[in-house]
Each structure stands twice: as structure tokens, then as C-alpha cells.
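Novice: Show me the folded form of this:
(one chain, ligands or ions: 2)
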Amino acid sequence: MLRIENLSKSFGGVHAIEKLSIDFAPGSLSAVIGPNGAGKTTFFNLISGGLQPDSGNIWLEGENMVGLSRNAIVHKGIGRAFQVAKLFKTLTVEESLRAALQSALGHASQMHGNFPLRATRDRAHEVMAQLGLQHKADTVSGNLSHGDQKLLDMALALVMRPKVLLLDEPVAGMGPDERTQMMDTVQHLWRQGGLTIVLIEHDMELVFRVAQQINVLSYGKLLAQGTADEIRQHPKVIEAYLGKPQEHVGE
Ligand SMILES: Nc1ncnc2c1ncn2[C@@H]1O[C@H](COP(=O)(O)OP(=O)(O)O)[C@@H](O)[C@H]1O
Ligand SMILES: [Mg+2]
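Specialist: Numbers count the residues shown, from 1 in each chain. Ligands and ions are numbered 1, 2, ... in the order given. The predicted model follows:
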């Protein structure tokens, strides 16, 4: 499905991602975890085309995504939500989703005056219902609660019908109840089928509950990979998490 092969990216002397190879199976729910500065966000930036790798390949169903524009990658089927939600703050939830769809449909359809208004509205409502945002359709995005802003950010990726959905810390900045609720929403979305989900999170316990495959990053390298039980007992993971925190702190 999504195969990362020997991927590397440095910033100056910092090897943010170093010769990283990971396979994400079709329809799986996986997590990428690791301390602050481990390279998690850089990893997503590389996959979604926000950054170009120094070397390596990113295969989506056998097609290399490296070198493609961000838009092209979205069209190929990789959607992404951000650690800090990127929203159109002055638009309502429904307007935001329709704007995202319409802008992705591109210039060509606009020039031909071909705005499928009905279709974008229906699709927006479908996604709001999936994420429990339907009652917020007319709320201005900037006025949403933090949790709902994170949901909307996820909805903006989802509305494009991605094959792979990348979620960068979907529960960042949330209280304990909200975190559980958000993880339930992610799991619910995944159980509806058809989506390969990869989520980033630094709280291990939270991902142990939902992820089938867990990839632990440390200094841009794969420290360990496995199920929750395997990761929990992995000596290198225990050492990394109980040992010194990573020096370079990201964001
Ligand atoms: N745009 C950038 N320019 C320079 N250094 C960066 C940039 N993005 C990330 N880094 C560095 O790369 C490393 C990994 O960062 P990041 O991917 O944000 O980690 P994480 O998301 O796991 O906290 C850190 O040392 C960070 O300071
Ligand atoms: Mg990050």
C-alpha cells in the first residue's frame, strides 16, 4: 500500500529522518511514535510532499510519490491532518469543506463554470456526519473548540477521499476525556473500512489501545516495530523512554 524505502532528510547537521524503511499494509491502522524531535512530523512532511527527501522512495500502490507536488500527492490519495490544525478561520465548517473540495477540483472546472455545488454540499455533509461535526456545519471555524478544530482539520483531509490518511498528533492539546473521544473517532472511522491510517502520537499508552502496528522512531531511525505487547517489552524502547530525553526538540 504505502511503502517507505530508505528515506533520508537532514537539516544542516541534524539527520531528522535517516534511511527509514516502513511498510504500511492496506487497511491498517498504524502509529508512529517517539519522543519530541524524533522526526515524526518530518516523516509526514516528506510523505505529503511538503518537504523533498534527500534520498529514498515513497511508494503508494507501486507508484513513487517523490518529486510530485503536494496537490498531485493529494490527488493520488494521500491525505493529511496537521499537528496544529490548518483551517480557513473565517469560513464555516461546511464552507471550509466545500472550499477544499472545490479548490482541489482545480482551475479547469472553475474556468468552465462547472461548480458542482450539490455534489460538494453532499460530500461535505457526508464527512461531517462521519466525524460527528454535522451540528457544527454553520459554525465559523475560528469559533470551534480546540477539539472540533482538530476534527475539522481531519475532515478537510477526509473530504478528498484519501486512500491513506496521515494524522499528526490528533489529540495534541486535549484533556484526558477529549483524547479518548478523539481516539474513538479515529478508530470508528477506520472500522468503516477502506482507509489506511497512520497516526503520530507521543503518548504510547494511547496508541497501544488502537494501533495494530507501532513504529517507534528515535533520532530519525526505526528503533522498534511491532504490536503493542511487543513494543511494551522491547528493551530498546524501554531504554529510550526511560533514559535521556532527545536533545533536539522539534516544532
Ligand atoms: N524545517 C526544519 N528546519 C530545521 N530543522 C528542522 C526542521 N524541521 C524539523 N527539524 C529538526 O528535525 C528534527 C525532527 O523534528 P520533527 O520532525 O519536528 O520531530 P517530531 O515531530 O518527532 O517532534 C528536530 O531536531 C527538529 O529540530
Ligand atoms: Mg511533531
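
Novice: All the strands of the stretch 101-250 of the chain, in order from the start?
Specialist: 164-168, 196-201, 213-218, 221-226 (DSSP state E, counting those that start in this stretch).

Novice: what about Glu5, which SS state?
Specialist: strand (DSSP: H, G, I helix; E, B strand; the rest coil).

Novice: what do you get for the one 4 residues further on?
Specialist: Recorded secondary structure, Lys9: strand (three-state DSSP).

Novice: who's in contact with the residue nearest to it when sequence neighbours are not counted?
Specialist: Spatial nearest neighbour of Lys9, chain neighbours left out: Ile17 (4.5 Å); criterion: CB to CB, 6 or more residues apart in numbering. In this view, the C-beta of every residue, glycine as well, is placed from N, C-alpha and C. Ile17 makes contacts with Leu7, Ser8, Lys9, Gly39, Thr42, Phe43, Leu46, Pro53, Gly220, as judged by CB atoms under 8 Å, 6 or more residues apart in numbering.

Novice: any chance of those in TSV, with neighbour count too?
Specialist: TSV is the format used below for the contacts of Ile17 (neighbours: other CB atoms under 10 Å):
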residue	neighbour count
Leu7	24
Ser8	16
Lys9	22
Gly39	27
Thr42	24
Phe43	28
Leu46	25
Pro53	23
Gly220	23
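
Novice: Among these, which ones lie close to ligand 1?
Specialist: Gly39, Thr42 (CB under 6 Å from any ligand atom).

Novice: Between the contacts of Ile17, which sits nearest Leu166?
Specialist: Phe43 (9.0 Å; CB to CB).

Novice: how would you label the closest one: helix, strand or coil?
Specialist: Under three-state DSSP, Phe43 comes out as helix.

Novice: Now do whichever strand or helix holds Ser96, average pLDDT.
Specialist: Element membership for Ser96, per DSSP states H and E: helix 93-111. Helix 93-111 carries an average pLDDT of 77.
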